[in-house]
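Participant: Any chance you can model this:
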Amino acid sequence: MRPLIPLLIPMLIATVLAGCGERTPAVPEPAAPAPEAPGRTEASMPRPPVAEPAPAADVGMLPAPGTITFAGFGPAAFGSDEESVRMAWGKDMEGAPSEPGGCYVLAPAPRGEPPFRFGFMLEGGKFSRIDVRTDAIPAPGGGKVGMSMTEIVRLYPGAEETPHKYTPGARTLRAKDPAGGGAALVFEIGTEGVVVAWRIGVPPQVDYVESCG
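Facilitator: Prediction:
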């Protein structure tokens, strides 16, 4: 019988060598954190749009909202003189009667040729009416150039409707002062059914269809 020890020695050596060949699996290193997004600096933040300034030619060339009323223009009441109108406007105006006491229109300078976007009528030396032909100026009560006749009727219930004196198919709507004064507000409605102009003042001048130069 062969001794067992010589047989076991090669087996032990093979076992040891097999064990040495094993490797402990490497522990994976934690992944590096993703770089944070850069903070939103003031330069990168969106800015609100900046409103474009109004054209220089229009700055100060229209009356402030609310200055036109059934009583007149600001502190210048219907029936006051030219100087009162000029002081109430506070800027350059042009216009003069062709004869003493005649009808004329004061308009912001440079006045140009009629029809004006807006102007102040005087007759007999007295302030009697304001004419408006731009949608930038609202009438007392909210009516404006460009509104439909239906809208005007809704804003001024009881306004008197009549055919236009010269234009077939056009109309006028005349609203009285709701406070009971003698002034009136007249809208001219064109043939397409929208307001093309309005005027406010005292009779008889407020009812002149022709206005005056």
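
Participant: residue boundaries of the strands in the protein?
Facilitator: 68-69, 72-73, 76-77, 93-94, 104-108, 118-123, 126-132, 160-163, 171-176, 184-189, 195-201 (DSSP state E).

Participant: how about those in a markdown table, adding mean pLDDT and mean neighbour count?
Facilitator: Yep, even glycine has a C-beta here, placed from its N, CA and C like the rest. Listed next are the strands of the chain as a markdown table, based on pLDDT from 0 to 100; neighbours: other Cβ atoms under 10 Å:
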| stretch | mean pLDDT | mean neighbour count |
| --- | --- | --- |
| strand 68-69 | 97 | 20 |
| strand 72-73 | 97 | 22 |
| strand 76-77 | 97 | 19 |
| strand 93-94 | 93 | 15 |
| strand 104-108 | 93 | 21 |
| strand 118-123 | 96 | 23 |
| strand 126-132 | 97 | 24 |
| strand 160-163 | 96 | 12 |
| strand 171-176 | 97 | 19 |
| strand 184-189 | 98 | 23 |
| strand 195-201 | 98 | 23 |
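
Participant: Nearest to residue 145, out of those strands?
Facilitator: strand 195-201 (5.1 Å; Cβ to Cβ).

Participant: As PDB, could you dump the C-alpha coordinates of the closest one?
Facilitator: C-alpha atoms of strand 195-201 as PDB (Å, rounded to 0.1, in the frame of the first residue of the first chain):
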ATOM      1  CA  VAL A 195     -68.000 107.300 -35.500                       C
ATOM      2  CA  VAL A 196     -65.800 109.500 -37.700                       C
ATOM      3  CA  ALA A 197     -65.800 112.600 -35.400                       C
ATOM      4  CA  TRP A 198     -67.500 114.100 -32.400                       C
ATOM      5  CA  ARG A 199     -67.900 117.500 -30.900                       C
ATOM      6  CA  ILE A 200     -69.100 118.900 -27.600                       C
ATOM      7  CA  GLY A 201     -70.200 122.400 -26.700                       C
END
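
Participant: Sheet-wise, list the partners of it with their directions.
Facilitator: Strand 195-201 has these partner strands in its sheet, going by DSSP bridges: strand 126-132 (antiparallel), strand 184-189 (antiparallel).

Participant: Per-residue confidence, the residue nearest the centre of the chain, what does it come out as?
Facilitator: Residue closest to the average C-alpha location in the chain (Cα atoms, centre = their mean): residue 136, at 8.9 Å. On pLDDT, residue 136 comes in at 94.

Participant: ok, now which ones touch it?
Facilitator: 62, 117 (Cβ atoms under 8 Å, 6 or more residues apart in numbering).

Participant: Fine by me, thanks again.
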